[in-house]
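A.B. asks: here is a sequence together with a model predicted from it:
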Amino acid sequence: QELILSKQLCEDCNLKLEALQVEYVVATNTIKLLSEQNAQLGIDVQLCDARIQSLSSSTNDSNELLSSLRLDLEAKTAEAQSYQSDLESIKNKYECALSEWESTRQVHIVLQNRKDFELQELESKALISQEKILNLNKKLVAGDAEAKG
C-alpha cells in the first residue's frame, strides 16, 4: 500500500512540476513583457523630460503644456513603479513555487529510498524462505526414501 501511495505522490509531484513549468513560462513571458514596457516607459520619460526642457523657455501657453507633460511624466513614473512591483511579485511567486517543487522532490526521493530498502528486505526474506523450503523438501525426500527403504 505504501508503494501505491508513493506512486501516487510521484504522480502528484509530476503534475505539480508540469504546472510549475507552465507557471514559469508564463512568469518568464510576463517578465519579458513588463521589462519591454518598462524600457518603453523609460524612453517615454526621457522624451517627456526633453520636451519639458525645450518648452520651459517658451511662452506662457507653453507653461500649460509643460504642466500637462509633468502630470503625464508622474503618471508614467507611477505606472513604471507598478510594473516593477508586479515584476517583483511574479519573481517571488516563482521562487516560492520552485522551493515548493524542490521540497516535494526531496520527499519523493526519501520515499523512493525507503521503498527500495523495504523491497530489498522483502527480497532477502523471500530468499531465506526459499532456502527453508528447499531444506524442508530435502528432509521430506530423505524421510520418504527412509520410509520406502
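C.D. replies: Structure's in. What do you need?
A.B. asks: A27 against Y94, yeah?
C.D. replies: Yes - contact criterion CB atoms under 8 Å: A27 and Y94 qualify, at 4.8 Å. C-beta here means a position set from N, CA and C on the backbone, and glycine is covered the same way.
A.B. asks: which neighbours do the two share?
C.D. replies: With contacts taken as CB atoms under 8 Å, 6 or more residues apart in numbering, A27 and Y94 have no neighbour in common.
A.B. asks: any idea how far stretch 43-50 is from the chain center?
C.D. replies: 38 Å (CA atoms, centre = their mean, to the nearest Å).
A.B. asks: point out where this structure drops to low pLDDT.
C.D. replies: For the chain, the stretches with pLDDT under 70 are 55-60, 62, 149.
A.B. asks: packing partners for the lengthiest helix in it?
C.D. replies: Assignment by DSSP state H gives helix 60-148 as the longest helix of the chain. On a contact count with 3 or more CB pairs under 8 Å, 6 or more residues apart in numbering; DSSP states H and E, helix 60-148 meets helix 2-55.
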